[in-house]
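S.K.: okay, structure incoming, though there's no sequence with it:
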């Protein structure tokens, strides 16, 4: 039973969220697919716009941030905005660096909060139509994700996790002997 295209794409995205520098060969090995399929899948994700960009994150870029609640975003230069969120009431929440505050003096700031450090948690679970690697059932909620011997597994419940880990561990012991 092969992995369906949407699920293959989601698994590849999850791998790349952890490390976007993974090579096509690494992706094909971890996903148990050919290099050609891995390359086509990655190209499809890029061409469809699901993957917008590959980037690095520096530790110093996560410090001394300001969160601003503003009425209008049009008056703020794009290069000053790290993140922006359009809120339900039509206002905006933006994240910028502390040193950019003097450049925003003409903005209609409603509220301002200072952040010492930003912590980004790249959640893998936001996925749909994933199937359990143990029982094959479609995973209804957030999957349980774990690694064994460098391969990532997705399961639907703690029982499948326990059984899969037990099975993989006994297979590894057999291979050693």
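M.R.: That came through fine. The shown structure was predicted, so the numbers you read here are calculated from the model rather than taken from an experiment.
S.K.: what lies in contact with the host helix or strand of residue 46?
M.R.: Per DSSP states H and E, residue 46 falls inside helix 35-48. The contact list for helix 35-48, computed with CB atoms under 8 Å, 6 or more residues apart in numbering, reads 5, 8-9, 12-13, 24-25, 27-28, 31, 33, 51. Bear in mind the C-beta positions are built from the backbone N, C-alpha and C, glycine included.
S.K.: roughly how far out does that helix sit from the chain middle?
M.R.: 17 Å (CA atoms, centre = their mean, to the nearest Å).
S.K.: now do that helix, average pLDDT.
M.R.: Averaged across helix 35-48, the pLDDT comes to 95.
S.K.: just the buried residues of it, please?
M.R.: 37-38, 41-42, 45 (16 or more other CB atoms under 10 Å).
S.K.: also stretch 70-82?
M.R.: Quick answer for stretch 70-82 (16+ other CB under 10 Å): 70, 73, 76, 81.
S.K.: show me what contacts the closest residue to residue 156 other than its chain neighbours?
M.R.: Nearest residue to residue 156 in three dimensions, chain neighbours excluded: residue 132, at 4.1 Å (CB to CB, 6 or more residues apart in numbering). By CB under 8 Å, 6+ apart, the contact set of residue 132 is 138-139, 143, 154-157, 160.
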